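Student: Fold the following.
(one chain, ligands or ions: 2)
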Amino acid sequence: MSSSPRPPTGPLLQVDGLCRRFEGPQGRAVLADLDLSLAAGEYVAIMGPSGSGKSTLLNVLGGLLRPDAGVVRLEGTDLATLPDAALTRLRRRRIGFVFQAFHLLPHLSAAHNIALPLQLDGVPRPQALQRAAQLLEQVGLGGRRDALPGELSGGEVQRVAVARALAHRPALVLADEPTGNLDHGIGLRVLALLREQLGEAGGSGLLVTHSLEAARTADRILMLRDGRLWPWDGEGG
Ligand SMILES: Nc1ncnc2c1ncn2[C@@H]1O[C@H](COP(=O)(O)OP(=O)(O)OP(=O)(O)O)[C@@H](O)[C@H]1O
Ligand SMILES: [Mg+2]
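Tutor: Ligands and ions are numbered 1, 2, ... in the order given. As a prediction, this is how the structure comes out:
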């Protein structure tokens with residue numbers, strides 16, 4: 001499935017001098033000379049105050065938003081060198097997004113929501129649905145294949161979103177507050193699941209969260225502050 005084989009050495013994700021500003025009356029630099037290096041298989045949590053730029057960062061890393069300056073390399077490929085179509089392809093094949101708002105399609109069943117991105121990438125429908133069924137089983141929703149998102153609880157929707165992000169066995173999963181609206185126990189279960197599935201596929205993950213307890217499930221914790229990432233100093237959340 002790899003569109004750009006990873007060089008034998010070097011990090012999975014290498015970010016140097018990233019800058020991104022938003023124009024407008026309150027326009028300001030949200031990301032300012034930000035660096036980040038993520039090893040293959042590594043799972044890192046990012047915390048930081050509301051408005052500090054966490055979602056902006058994930059959008060830039062996932063190629064949904066172009067930076068003003070700086071370099072993002074995924075598996076050695078500089079995202080800025082890719083035309084839009086190639087960037088879309090790379091995102092579809094190598095990256096899995098769990099969005100802050102889950103973006104499940106309301107008129108598609110849980111299984112079809114998971115299968116759709118695979119089908120868009122050319123996987124035949126029966127195989128895509130088979131993979132969806134397997135993932136739903138793994139996230140404990142084997143019996144809810146045909147349910148529409150509106151018929152699922154918040155935690156179940158979240159699990160479907162996690163399954164969808166993992167369907168194509170991405171090299172990198174970007175998860176933006178995947179447990180934001182969940183009660184505590186279910187939230188931690190969703191995170192354990194994400195981690196377990198990532199581990200099985202050998203993928204790396206970036207988890208944005210406001211919860212220190214959630215962040216502690218990661219290999220290391222970084223804080224986004226003043227446009228840059230800092231090692232978490234053990235203080236507060
Ligand atoms: N499209 C946009 N146009 C203008 N400003 C934006 C845009 N997107 C984000 N911003 C601003 O950039 C800053 C960072 O936003 P971002 O969504 O990345 O924060 P966040 O850390 O994810 O916050 P939260 O924890 O609340 O989700 C905010 O001040 C926001 O208002
Ligand atoms: Mg956000």
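Student: Now do the SS call for the residue nearest to L82 when sequence neighbours are not counted.
Tutor: What sits nearest to L82 in space, not counting adjacent residues and going by C-beta to C-beta, 6 or more residues apart in numbering, is L90, at 6.5 Å. From N, CA and C alone the C-beta is placed, and that goes for glycine too. With DSSP: H, G, I helix; E, B strand; the rest coil as the basis, L90 sits in helix.
Student: Next one: the most far-flung residue of the chain relative to its centre relative to ligand 1, how far apart?
Tutor: What lies farthest from the middle of the chain is P25; by C-alpha atoms, centre = their mean that is 30.3 Å. In this view, P25 and ligand 1 are 10 Å apart by C-beta to the nearest ligand atom, to the nearest Å.
Student: Using the three-state scheme, assign the spatially closest residue to I114 that is not a sequence neighbour.
Tutor: Counting by C-beta to C-beta, 6+ apart, A132 is the residue found nearest to I114 once chain neighbours are left out, at 3.8 Å. Here A132 is recorded as helix under three-state DSSP.
Student: Can you get me a residue count around A132?
Tutor: Look at A132: counted by other C-beta atoms under 10 Å, it has 25 neighbours.
Student: quick one on the thing from earlier: need the per-residue pLDDT for the residue farthest from the centre of the chain.
Tutor: At P25, the pLDDT value in this model is 71.
Student: List the buried residues of the lengthiest helix in the chain.
Tutor: Counting residues, the longest helix found in the chain (DSSP state H) is helix 184-201. Residues of helix 184-201 classed as buried: I186, G187, L188, R189, V190, L191, L193, L194, R195, Q197, L198, A201 (neighbour count, 16 or more other C-beta atoms under 10 Å).
Student: Kind regards, and thank you for your time.
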